[in-house]
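J.: sequence first, then the predicted structure:
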There are 2 protein chains.
Amino acid sequence: MNERERIAMLARVLAAPAAGVLLGIGDDAAVLEPSGRLVWTIDEQVEHVHFRRELLGWHDVGWRATMAAASDVSAMGATPWCALCAMVVPDDVDDAALEAIATGQAAAGRELGAPVVGGNLSRGEALSLATTFLGRCSRAIGRAGAHAREGLWLAGPVGLAAAGLRALLQGLDDPRVALAVAAWRTPRAQVAAGGAMRMLATAAVDVSDGVAGDVGHLAEASGLQAVLDEAALCADPDLRAAAEALGVAAIDLVLHGGEDYAIVAASAAPLPGFRRIGELRDGAGVVVRSPAGERSVDPVGFDHFTSRSRRPGASGP
Amino acid sequence: MNERERIAMLARVLAAPAAGVLLGIGDDAAVLEPSGRLVWTIDEQVEHVHFRRELLGWHDVGWRATMAAASDVSAMGATPWCALCAMVVPDDVDDAALEAIATGQAAAGRELGAPVVGGNLSRGEALSLATTFLGRCSRAIGRAGAHAREGLWLAGPVGLAAAGLRALLQGLDDPRVALAVAAWRTPRAQVAAGGAMRMLATAAVDVSDGVAGDVGHLAEASGLQAVLDEAALCADPDLRAAAEALGVAAIDLVLHGGEDYAIVAASAAPLPGFRRIGELRDGAGVVVRSPAGERSVDPVGFDHFTSRSRRPGASGP
């Protein structure tokens, strides 16, 4: 297919109605009728950096790029509305592969209730998907604004995606990692939880670079210290089973893994769909509490420019 | 600098107030208070595909990526509001180069009155900038909607950027191409013209892949034939001088060049800031009229997946 035919195929696969979208794929820009306040984010998934095609199906490449971008919208307490995607496509991604990627984007859009309504297509050496999402809300919840003595609440799995990627990189064939592999391949943005926290949360953050780093961002922006309960962070039996199969500590996957697309929010009261993982207090940094006592953890998550070894990622463990 | 320091540097360089932007760089997403209708676009500039660093300064890499995205907003009759940019940065782009790119984005944002208010930073093999722009308008002007007998009107230079790129690729050192080189390196989105056409234009298109292809899109979407006057298309003395220096026909640069970021609009009445280049009539396709008569032109512009040789571009003439 030539570029025009590829765009027509993408328009056909991605076509979906969305309230307030007056004009979608096929013009210089999409046209939208907004209501309320907007949150707006962009995220990019680059082959060899964020994923390797041999570890993911093409469908999942589209799915996870869409979910990863939507996750930032949910973590602000907004409802995903619609997306654009700029794709760079190398010569060895053929028409069928491109259609499978778009099918994954469309499936994620249906799950989110927020379709891809436009984009851009370029040829290039490395496959990449830059997805920008708009979300709608009455009030956006940022990283700053939490108070001391508020609880820290988690929605979504943490550590599981990092376990899944490790298992794939090691070629580990063990039923205990099956859910972890699925968590890495097909993450789900926490749309319902993002909506549920809207009235009560004072601050929230998307957890995509490890709990230590992302909760550290929330604590720093709010001028507080985060105290996390190790037992609560590692309560997920699927995570514990996967960590056991891999021979690693579950808490390390939780704190320093990534690509969870979970939400941590601060709130004095319980949040529906969230579980308590700790609280905020005066001070700075991130502390983990276990029966052995408290210890500070390095709040740095994955760093694209220095700490490549920190994430058990596509660039190598 | 590590990722955090690079983001802090980008936030400092890009910082600029914009009405309706409640929260900018530094959280999971930007927060906006919209008014009126929105248009929304994404464009990506990839090194080795859209530019070569040795032909552009780093500042210009940021400038032209920002202007190219804003151009789609202007061509819909909307006023650029604010942007996000997802950047992929290879190891050989150092901190000073990254700061120069951001300085170029900030300068373009000031010229547009529309700053970059957030983004995403990844490491990767090829430098790329995916810029998404929001624009505000009371009424968006798409490609469809023109009527037979309406005039076709042009704002901005056409063919000049293609001449400039050709001159750079040939290493041509001739004062007759200086303005053409500047047109390629530092294009300007037609913001004032985009606003001026708002009340009168029935259809409009961004000219970035050659006049033949882009006017062809407008004609096809409107179900009409476009008739273009060769003399009007080549009236620009700077274009004629550059074409002469290059030994090529100005009309070929206009029809099949690219990266102009001009606007062609359809209107029964003159549009302020535009010049007439032809009209629409019943039929299909694109026709060029000269003293020798009328001839059909291939309406295909640059195609990322088949017609690489069509644009005298960074991938080779």
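T.: Yep, it's here. Numbers count the residues shown, from 1 in each chain, chains lettered A, B, ... in the order given.
J.: show me what the strand or helix carrying A:Ala221 is packed up against.
T.: For A:Ala221, the element it lies in under DSSP states H and E is helix A:211-222. Helices and strands touching helix A:211-222, by 3 or more CB pairs under 8 Å, 6 or more residues apart in numbering or on different chains; DSSP states H and E, are strand A:203-207, strand A:225-229, helix A:250-256, strand A:262-267, strand A:285-290. The way it works is simple: take the backbone N, C-alpha and C, and place the C-beta from them, glycine included.
J.: can you pull the buried residues of the third one?
T.: Within helix A:250-256, the residues that count as buried by 16 or more other CB atoms under 10 Å in any protein chain shown are A:250-256.
J.: ok, the fourth one next?
T.: With burial defined by 16+ other CB under 10 Å, the residues of strand A:262-267 counted as buried are A:262-267.
J.: in chain A, which residue is closest to the centre?
T.: Centroid-nearest residue in chain A: A:Tyr261, 2.8 Å away (criterion: CA atoms, centre = their mean).
J.: quick one, what contacts that one?
T.: When contacts are counted by CB atoms under 8 Å, 6 or more residues apart in numbering or on different chains, A:Tyr261 touches A:67-68, A:71, A:156, A:161, A:187-190, A:206-208.
J.: per-residue confidence at the closest residue to it other than its chain neighbours?
T.: The spatial neighbour of A:Tyr261 that comes closest, neighbours along the chain excluded (CB to CB, 6 or more residues apart in numbering or on different chains), is A:Ser71 at 3.9 Å. Note for A:Ser71: predicted pLDDT of 96.
J.: a strand runs through A:Ser71, doesn't it?
T.: No - in this structure, A:Ser71 is helix, not part of a strand, as judged by DSSP: H, G, I helix; E, B strand; the rest coil.
J.: residues near it, how many?
T.: Using other CB atoms under 10 Å in any protein chain shown, A:Ser71 is surrounded by 30 other residues.
J.: what sits against it?
T.: Per CB under 8 Å, 6+ apart, neighbours of A:Ser71: A:187, A:189-190, A:206, A:208, A:261, A:263.
J.: repeat for A:Ala262
T.: The contact partners of A:Ala262, taken as CB under 8 Å, 6+ apart, are A:154-158, A:190, A:206-207.
J.: just list whatever residues bridge to it.
T.: Here A:Ala262 sits in beta bridges with A:Val207, going by DSSP bridges.
J.: swap in the one 5 residues further on?
T.: With DSSP bridges applied, the residues forming beta bridges to A:Ser267 are A:Gly151.
J.: that one reaches A:Met197, doesn't it?
T.: Yes - between A:Ser267 and A:Met197 a contact is recorded at 7.0 Å, counting by CB atoms under 8 Å.
J.: at the contact with chain B, which residues of the stretch 101-250 of chain A appear?
T.: Residues of the stretch 101-250 of chain A lying near chain B by CB under 8 Å from any CB of the partner chain: A:118-126, A:128, A:130, A:132-135, A:140, A:142-143, A:205-206, A:221.
J.: about what we covered before: can I get the helices and strands packed on helix A:211-222 in TSV including mean pLDDT and distance to B:Ala100?
T.: Shown next, in TSV, are those (pLDDT from 0 to 100; distance: least, CB to CB, whole Å):
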stretch	mean pLDDT	distance to B:Ala100
strand A:203-207	96	30
strand A:225-229	98	37
helix A:250-256	96	33
strand A:262-267	98	36
strand A:285-290	96	34
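J.: now A:Ala70: closest residue in space, sequence neighbours ignored.
T.: With sequence-adjacent residues excluded and distances taken as CB to CB, 6+ apart, A:Ala70 is closest to A:Ala189, at 4.0 Å.
J.: A:Val191 contacts A:Ala70, correct?
T.: Yes - counting by CB under 8 Å, A:Val191 touches A:Ala70, with 7.1 Å between them.
J.: so for those two, which sits in the more crowded spot?
T.: Each of A:Val191 and A:Ala70 has its neighbours counted (other CB under 10 Å); A:Ala70 has more, 34 against 21.
J.: show me the contacts for that one.
T.: Per CB under 8 Å, 6+ apart, neighbours of A:Ala70: A:80, A:83, A:108, A:112, A:114, A:133, A:135, A:189, A:191.
J.: what's the most distant pair in those?
T.: The span of the contacts of A:Ala70, defined through CB to CB, is set by A:Ala108 and A:Gly135 at 14.6 Å.
J.: mind listing what A:His59 touches?
T.: Contacts of A:His59 (CB under 8 Å, 6+ apart): A:100-101, A:103-104, A:107.
J.: what do you get for A:Thr131?
T.: By CB under 8 Å, 6+ apart, the neighbours of A:Thr131 are A:42-45, A:65-66, A:68-69, A:83-85, A:116.
J.: for A:Ala155, name its beta-bridge partners.
T.: Applying DSSP bridges, one finds that A:Ala155 bridges with A:Ile263.
J.: list the contacts for it?
T.: Contacts of A:Ala155 by CB under 8 Å, 6+ apart are A:190, A:193-194, A:196-197, A:262-263, A:265, A:271, A:273-275.
J.: and for A:Leu239?
T.: Per CB under 8 Å, 6+ apart, neighbours of A:Leu239: A:157-160, A:163, A:180, A:250, A:253-254.
J.: which among those residues gets closest to chain B?
T.: A:Val158 (16.1 Å; CB to the nearest CB).
J.: how far away is that closest one from B:Leu154?
T.: Here the criterion is CB to CB, to the nearest Å. By it, A:Val158 lies 55 Å from B:Leu154.
J.: per the record, what domains does chain A have?
T.: A:3-137, A:151-297 (automatic domain parsing).
J.: roughly how far is the first one from the heart of the chain?
T.: Just to be clear, that refers to domain A:3-137. Offset of domain A:3-137 from its chain centre (CA atoms, centre = their mean, to the nearest Å): 14 Å.
J.: overlap in contacts of A:Val191 and A:Ala70?
T.: If you check A:Val191 and A:Ala70 against CB under 8 Å, 6+ apart, the residues they both contact are A:80, A:112.
J.: identify the residue spatially nearest to A:Leu112, adjacent ones excluded.
T.: A:Pro80 (4.7 Å).
J.: that neighbour sits in which helix or strand?
T.: Here A:Pro80 is assigned to strand A:79-89, by DSSP H and E.
J.: A:Ala97 too?
T.: helix A:95-112.
J.: go on, A:Ala245?
T.: A:Ala245 belongs to helix A:237-246, assigned by DSSP H and E.
J.: can you give me the buried ones in that helix?
T.: So for helix A:237-246, counting by 16+ other CB under 10 Å, buried means A:238-239, A:241-243, A:245-246.
J.: from these, which is closest to chain B?
T.: A:Leu239 (23.5 Å).
J.: and the closest one, what's its pLDDT?
T.: So A:Leu239 comes in at 97 (pLDDT).
J.: what does the one 4 residues further on give?
T.: A:Ala243 carries a pLDDT value of 97.
J.: A:Pro237 is in contact with that one, correct?
T.: No - A:Ala243 lies out of contact with A:Pro237 (CB under 8 Å); the separation is 10.6 Å.
J.: about what we covered before: got the angle for the helix holding A:Ala221 vs strand A:225-229?
T.: 150 degrees (axes from the mean of the first three to the mean of the last three CA atoms, to 10 degrees).
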